[in-house]
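Colleague: Compute the structure for the input listed below.
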Amino acid sequence: MPAERSRNPNEIPTHRAESGYSREMPKKEPTTGELRRLQRERATDEHEAIDSSITKDEAHQHERRADKAAYLAEKLAERERSEKRQEREGDPDT
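Modeller: Model (predicted):
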């Protein structure tokens, strides 16, 4: 059985597995619609968490997170409308 090498953190990895790279294909990026739905779910979850908060600070954190998720969902909805408009118009930049 070969002796196991101790890993020097400053050493540059020479093997693919050591470098963190793999042969797998990268995962498909979520669509704008999927991201928007995710943000809506987060907003709902954070609004629901407000009622179960123990302190006012905790409730405030959930409220801020819900506001941020709702804001992001709205921006993603705008982006989705823009993407659909570009598809209809055949915009060459997309």
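
Colleague: who does the helix or strand R81 falls within touch, helix- and strand-wise?
Modeller: Element membership of R81 [criterion: DSSP states H and E] is helix 56-89. Identification of packing neighbours for helix 56-89 by 3 or more C-beta pairs under 8 Å, 6 or more residues apart in numbering; DSSP states H and E yields helix 32-51. The way it works is simple: take the backbone N, C-alpha and C, and place the C-beta from them, glycine included.

Colleague: ok so, going back, buried sites along the helix holding R81?
Modeller: The neighbour-count check on helix 56-89 (16 or more other C-beta atoms under 10 Å) flags 62, 65-66, 69-70, 72-73, 76 as buried.

Colleague: Rounded mean pLDDT for that helix, please.
Modeller: Averaged over helix 56-89, pLDDT sits at 96.

Colleague: Now do it: distance to the chain's middle.
Modeller: Mean-position distance between helix 56-89 and its chain equals 13 Å (C-alpha atoms, centre = their mean, to the nearest Å).

Colleague: and the angle from that helix to helix 32-51?
Modeller: 160 degrees (axes from the mean of the first three to the mean of the last three C-alpha atoms, to 10 degrees).

Colleague: circling back: format the buried residues of helix 56-89 as TSV; extra columns: distance to G90.
Modeller: Output for those, formatted as TSV (distance: C-beta to C-beta, whole Å):
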residue	distance to G90
H62	44
R65	39
A66	38
A69	33
A70	32
L72	28
A73	28
L76	23
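
Colleague: Could you single out the nearest of those to P30?
Modeller: P30 lies nearest to L76 out of these, by C-beta to C-beta, at 10.3 Å.

Colleague: So the closest one sits against L35, correct?
Modeller: Yes: in this structure, L76 is within contact of L35 by C-beta atoms under 8 Å, at 5.3 Å.

Colleague: got the contact list for the closest residue in space to R42 that isn't next to it in sequence?
Modeller: Spatial nearest neighbour of R42, chain neighbours left out: A69 (4.0 Å); criterion: C-beta to C-beta, 6 or more residues apart in numbering. Applying C-beta atoms under 8 Å, 6 or more residues apart in numbering, we find A69 in contact with 39-40, 42-43, 46.
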